[in-house]
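S.K.: Sequence and predicted structure are below.
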Amino acid sequence: MKKTFNNIYAFFKKNLIWILLFVCLLISIIIMEDIFEQEIIKIDHIGYEFISTHFLKDVYTPFIKIITNFGSAVYLGIFSIILIIFIKNKKIKILIPLNLIIVTFLNLLLKNIIQRPRPSDISIIEEIGYSFPSGHSMVSMAFYGYLIYLVYIKIKNKVLKWLLISFISILIILIGLSRIYLGVHYTSDVVAGFLLAIAYLIIFIKVTKKSNF
């Protein structure tokens, strides 16, 4: 019995990253199936009701509008340029914008395949285009998630490393929540955006690691 348990543990430990990829894709597919069956699903009601009940206040709105901009194409493009200027590693200079371009293309492709309308009666700001998956959530998770990966492997100072990782992780979550708060995305848009980005990022990192940067 102990040997069997050890074998199972060893398998999961060895293949954890691929198991995570599979789970992310599986949950995303389940959400997509539910969306095709009905426009608004249960998780959408739960997520918006929770945020609107506990956090939707006029005093928070200006801050939320600032946070959501950190997931916009303009801001991410500017951040990419800044990183390209200051980072010395030539391969990373290429991989950062390449990552942003690929995940943006994938998001637009999925949006045009699924063509889910945005929430129409709860939006605080105006947005155009389709709703699923959330572009801000998916692209931010991929872009900032890749920065987390770079921080983890490149920065030796443990205190600085984990401070940066914590800060960036909180920013990613806040960007996703801001989309629900502002009423421009359903909860399922944000959740699927995060999960699809994680799955994509696993593949992107695995492929680019072979470049030995």
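M.R.: Looks like it came in fine. All figures in this text were calculated on a predicted structure; none of them were measured in a lab.

S.K.: C-alpha from now on. contacts and neighbour counts both.
M.R.: Fine.

S.K.: Leu174: neighbouring residues, count only.
M.R.: Burial of Leu174 is recorded as 18 neighbouring residues (other CA atoms under 10 Å).

S.K.: what does Cys24 give?
M.R.: When neighbours are counted by other CA under 10 Å, Cys24 comes out with 20.

S.K.: In space, what's closest to it - neighbours in sequence excluded?
M.R.: The shortest distance from Cys24 to any non-neighbouring residue, by CA to CA, 6 or more residues apart in numbering, is to Leu195 (5.0 Å).

S.K.: List the residues that contact the residue nearest the centre of the chain.
M.R.: Geometric centre of the chain, nearest residue: Met141, 2.6 Å, by CA atoms, centre = their mean. By CA atoms under 8 Å, 6 or more residues apart in numbering, the contact set of Met141 is Ile172, Phe194, Ala197, Ile198.

S.K.: can you do 6 Å?
M.R.: The contact partners of Met141, by CA atoms under 6 Å, 6 or more residues apart in numbering, come to Phe194, Ala197.

S.K.: for the one 5 residues further on, same thing?
M.R.: Remark: with contacts taken as CA under 6 Å, 6+ apart, Tyr146 is in contact with nothing.

S.K.: Which of the helices or strands spans it?
M.R.: Per DSSP states H and E, Tyr146 falls inside helix 135-154.

S.K.: List the buried residues of that helix.
M.R.: By 16 or more other CA atoms under 10 Å, the buried positions in helix 135-154 come out as 135-146, 148, 151-152.

S.K.: Could you work out the most separated pair of those residues?
M.R.: The most widely separated members of those are Gly135 and Tyr152, with 25.0 Å between them, by CA to CA.

S.K.: Check which element follows the helix holding Tyr146 along the chain.
M.R.: helix 158-181.

S.K.: And for the following helix or strand past that next one, what's in contact with it?
M.R.: The helix or strand immediately downstream of helix 158-181 is helix 187-209, counting by DSSP H and E. Residues from elsewhere that reach helix 187-209 (CA under 6 Å, 6+ apart): 21, 24, 28, 44, 47, 132-134, 137-138, 141-142, 176.

S.K.: Export these as a markdown table, with columns for pLDDT.
M.R.: Output for those, formatted as a markdown table (pLDDT from 0 to 100):
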| residue | pLDDT |
| --- | --- |
| Leu21 | 90 |
| Cys24 | 93 |
| Ser28 | 94 |
| Asp44 | 87 |
| Gly47 | 86 |
| Phe132 | 91 |
| Pro133 | 93 |
| Ser134 | 93 |
| Ser137 | 95 |
| Met138 | 96 |
| Met141 | 97 |
| Ala142 | 97 |
| Gly176 | 94 |
